[in-house]
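Undergrad: Sequence and predicted model, in that order:
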Amino acid sequence: MNRIWSKGMSVLLVSIMAGSLLSGCMNSSGNGEGDGEGGGNTLKILHNWNGSGGSDNGITPIEEVIKEKTGVTLEWEYTKGSETEKVNQIFATQDLPDIYTGPAWGGELDGIIKAAKEGQLVDLSDKLDNYPNLAKSIAEENVPPALYEKAINAYEGKKYLLLQNQPATNEDGIDWLYGFYVRKDIAEKVGVDPQSVVTKEDFYAFLKKIKDANLQENGQPVFPLGGFSNGWAVGIGNTMFYSGASYVDKGDGSLEHSFFTPGYEEYMLFYRKLLAEGLLDPDVFTQTDPIAKEKINQGRIAILAAHYPAILDASKEYVTSHPGSDYIPVGPLERADVDPNRPVDLGIQGNNVTVITKSCQGACVDAALKFLDYMASDEGFMLARYGVQGVHWDMKDGKPAANQEWFEKFAADQSGKVRKSVGIGIGLESLTGLDRINSYAGGDIWADQDRLDAMDNARKILRPNGIQVITAYNPGDVITNAPEWEMLKPSMDRMGDAWKEAVFAKSDEAAMSIINELRDQLRNTGYDQAMQFTNENLKGKDVVTVQMPN
């Protein structure tokens, strides 16, 4: 999710994928011009989510309907590495798609905002009146206030960015249930009740007990703790050491980046200990997604850190052949300096920003807007998520219902390739405007009951006091407006890499030296002045200082 599909602590996305997009909006004759009215336009889309992918079988049934409705044929590129690196790469090389869609936070969003300010994107402000579904997605009342100020309404009246998947109502907000999940059979084998694991000391002891059991699968060792590609999302243990937000209250009402706190040091040293004692998969920060999933399907990861849907999907094959090996929640674990009775603080915001790049001009822009507005319509929303009405699903008693034949096909397909052959899960859902999966679409008709039951059970365990959706201002959005930001940003971008380097350093002293060297670099490139600017601009405002990954 997270990033991965992840929205919490982003750990160390290190690989750079070389792109091969050709710019322009080609018609069927390949002359780079489209008629904007469905005369054979091909739109090139970059879906900038690490690990995403499309169908192996050419144009899908869903894409056939899109072509029929809008005249547009889609040509996809998917990212297989760092989303931030990809965004920076395409604008540096001018190897641009017609449409870009990617994460609505962090370095990815910063890269898109920079592109908007540099004239790399198409201004939509004089066109949105003709595309009501797109206009609705970025209406002020439908966008988190800090995001609206930073990204949507930041260009003197011009509009470049579209926001996708922001919950239309509270009912549509998705809690991805990030956490640590242990295989039930392993917890039973070592005699530990996962719900008895509450403190960081408990968590360490649990991992140690698994390690000491010397578990093996097909002659290979079982790692006590692992994750997915590039370290996603093992770093979510940070909430045991500080409040989980990137910026914390220093105690006097002013803010400090968590990187400068003692809790951050303890967090880094804790992971060093896990690595040194063989409690953490040593390849977790460099492995690819296929390798990570292969380990899971080999039964070689006892505890996984990620959001629950990803864990359920990745472990489905192994669980099917090894009944009783389901991953179940650990904890809930303590949150440092947070009242244990406090509801879980989640930053539920839109998953995507979507833009039309300057590579798309003239009739190409008309075609792109027609396509995007259709996808953001109720019809397009249902098409992207459920497939072709009358084939894959239909309306029954006023609600969408899955065709049983297709429900069974999807349920039996552990690879997800059948869904993608239909066009579900290839990236179209990232372009469908406000998320109204529950309020309009009646809930996920493809979710099997076992999965729903597992999610409900995890929710009861991990959210005993419920959740509260964060609507406060994020200091990370404000600091980017500081005069020092351009000079400071390269140092800020080094934090994830420095954490990783420190975890792998030869000694605790060497690890602390890495952290302190970057702290000095941050101060030398304007951190103190930028934080003063941030604190001044957040006076009297509700600010995010506590957050769980989502």
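TA: Everything's here; your move. Remember, it's a predicted structure, so these values are computed and weren't measured experimentally.

Undergrad: Would you mind pulling up the elements that the helix or strand of the chain with the lowest mean pLDDT packs against?
TA: The helix or strand of the chain with the poorest confidence is helix 145-147; it has a mean of 80 (mean pLDDT, DSSP states H and E). For helix 145-147, the packing partners by 3 or more CB pairs under 8 Å, 6 or more residues apart in numbering; DSSP states H and E come out as helix 475-478. Where you see a C-beta, it was placed from the backbone N, CA and C, and this is true even at glycine.

Undergrad: if I look at Gly347, how far off is Glu334?
TA: 20 Å (CB to CB, to the nearest Å).

Undergrad: okay, the two: which has more neighbours?
TA: Between Gly347 and Glu334, Gly347 has the larger neighbour count (other CB atoms under 10 Å), namely 20 against 17.

Undergrad: got the contact list for stretch 383-400?
TA: Taking CB atoms under 8 Å, 6 or more residues apart in numbering as the criterion, the residues outside stretch 383-400 that touch it are 61-62, 65-66, 375, 382, 401-403, 406, 422-424, 428-429, 431-432, 437, 441-442, 444-446.

Undergrad: In helices, which of those residues fall?
TA: Among the contacts of stretch 383-400, the residues falling in helices (DSSP state H) are Pro61, Ile62, Val65, Ile66, Met375, Met382, Trp406, Val422.

Undergrad: Nearest spatial neighbour of the first one, chain-adjacent residues omitted?
TA: Distances taken as CB to CB, 6 or more residues apart in numbering put Val388 closest to Pro61, at 5.2 Å, once the chain neighbours are dropped.

Undergrad: what does the second one give?
TA: Once its chain neighbours are removed from consideration, Ile62 has its nearest residue in Gly423; the separation is 2.9 Å (CB to CB, 6+ apart).

Undergrad: ok, and Gly58, which helix or strand is that part of?
TA: With secondary structure defined by DSSP states H and E, Gly58 is part of neither a helix nor a strand.

Undergrad: tell me the contacts of it?
TA: Contacts for Gly58 (CB under 8 Å, 6+ apart) come out as none.

Undergrad: Farthest pair within the ones in helices among the contacts of stretch 383-400?
TA: Met375 and Trp406 (21.2 Å; CB to CB).

Undergrad: With neighbour numbers in mind, choose between the two.
TA: Neighbour count, other CB under 10 Å: between Met375 and Trp406, Met375 has more, with 26 against 21.

Undergrad: you'd agree the more buried one is up against Gly427?
TA: No: applying CB atoms under 8 Å, one finds Met375 not in contact with Gly427, separated by 10.6 Å.

Undergrad: count of neighbours near the closest residue to Phe381 other than its chain neighbours?
TA: Taking CB to CB, 6+ apart, and ignoring the residues beside it in sequence, Phe381 has Thr432 as its nearest neighbour in space, at 4.5 Å. Residues near Thr432, counting by other CB under 10 Å, number 27.

Undergrad: list the contacts for Thr432?
TA: The contact partners of Thr432, by CB under 8 Å, 6+ apart, come to Gln164, Asn165, Met375, Ala376, Gly380, Phe381, Ala384, Arg385.

Undergrad: hang on, isn't the fourth one packed against Glu429?
TA: This means Ala376. No: using CB under 8 Å, Ala376 makes no contact with Glu429, being 11.3 Å away.

Undergrad: more neighbours, these two?
TA: Ranked by neighbour count (other CB under 10 Å), Ala376 and Glu429 place Ala376 first, with 25 against 21.

Undergrad: Quickly note the distance from the more buried one to Leu369.
TA: Here the criterion is CB to CB. By it, Ala376 lies 10 Å from Leu369.

Undergrad: elements contacting the longest helix belonging to the chain?
TA: In the chain, with assignment by DSSP H, the single longest helix is helix 508-524. For helix 508-524, the helices and strands in contact under the criterion 3+ CB pairs under 8 Å, 6+ apart are helix 262-276, helix 485-492, helix 495-503.

Undergrad: and with 10 Å instead?
TA: If you count contacts as 3 or more CB pairs under 10 Å, 6 or more residues apart in numbering; DSSP states H and E, helix 508-524 packs onto helix 262-276, helix 485-492, helix 495-503, helix 527-537.

Undergrad: what's the closest of those helices to Ala510?
TA: If you check each of the helices and strands packed on helix 508-524 against Ala510 by CB to CB, helix 495-503 wins as the nearest, at 8.0 Å.

Undergrad: Tabulate the CA atom coordinates of that closest one in CSV.
TA: Below are the C-alpha coordinates for helix 495-503, written out as CSV (Å, rounded to 0.1, in the frame of the first residue of the first chain):
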residue,chain,number,x,y,z
MET,A,495,15.8,10.1,6.8
GLY,A,496,14.6,6.8,5.6
ASP,A,497,17.9,5.8,4.1
ALA,A,498,19.8,6.9,7.3
TRP,A,499,17.5,4.8,9.4
LYS,A,500,18.3,1.8,7.3
GLU,A,501,22.0,2.4,7.3
ALA,A,502,21.9,2.8,11.1
VAL,A,503,20.0,-0.5,11.5
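
Undergrad: what angle sits between it and helix 508-524?
TA: With axes from the mean of the first three to the mean of the last three CA atoms, to 10 degrees applied, the angle from helix 495-503 to helix 508-524 works out at 160 degrees.

Undergrad: buried residues in helix 495-503?
TA: The neighbour-count check on helix 495-503 (16 or more other CB atoms under 10 Å) flags Met495, Gly496, Ala498, Trp499, Lys500, Glu501, Ala502, Val503 as buried.

Undergrad: now do stretch 255-263
TA: By neighbour count on 16+ other CB under 10 Å, the buried set for stretch 255-263 is Leu255, Glu256, His257, Ser258, Phe259, Phe260, Thr261, Gly263.

Undergrad: what's the closest non-adjacent residue to the first one?
TA: Translated: Leu255. Distances taken as CB to CB, 6+ apart place Tyr247 nearest to Leu255, at 4.7 Å, with adjacent residues excluded.

Undergrad: Any chance you could list residues touching both of Ala376 and Leu369?
TA: Taking CB atoms under 10 Å, 6 or more residues apart in numbering as the contact definition, Ala376 and Leu369 share the neighbouring residues Tyr131, Leu134, Leu162.

Undergrad: In helices only, show me those residues.
TA: Per DSSP H, the shared contacts of Ala376 and Leu369 map to helices at Leu134.

Undergrad: Same list (the shared contacts of Ala376 and Leu369) but as CSV, adding neighbour count, distance to Asp289 and pLDDT.
TA: Formatted as CSV, the entries for these read as follows, by neighbours: other CB atoms under 10 Å; distance: CB to CB, whole Å; pLDDT from 0 to 100:
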residue, neighbour count, distance to Asp289, pLDDT
Tyr131, 19, 35, 98
Leu134, 23, 32, 97
Leu162, 28, 27, 97
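
Undergrad: Take the shared contacts of Ala376 and Leu369 and lay them out in CSV including distance to Asn142.
TA: Conversion of these to CSV gives the following (distance: CB to CB, whole Å):
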residue, distance to Asn142
Tyr131, 15
Leu134, 11
Leu162, 11
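
Undergrad: Please enumerate the shared neighbours of Ala376 and Glu429.
TA: If you check Ala376 and Glu429 against CB under 10 Å, 6+ apart, the residues they both contact are Gln164, Ala384.
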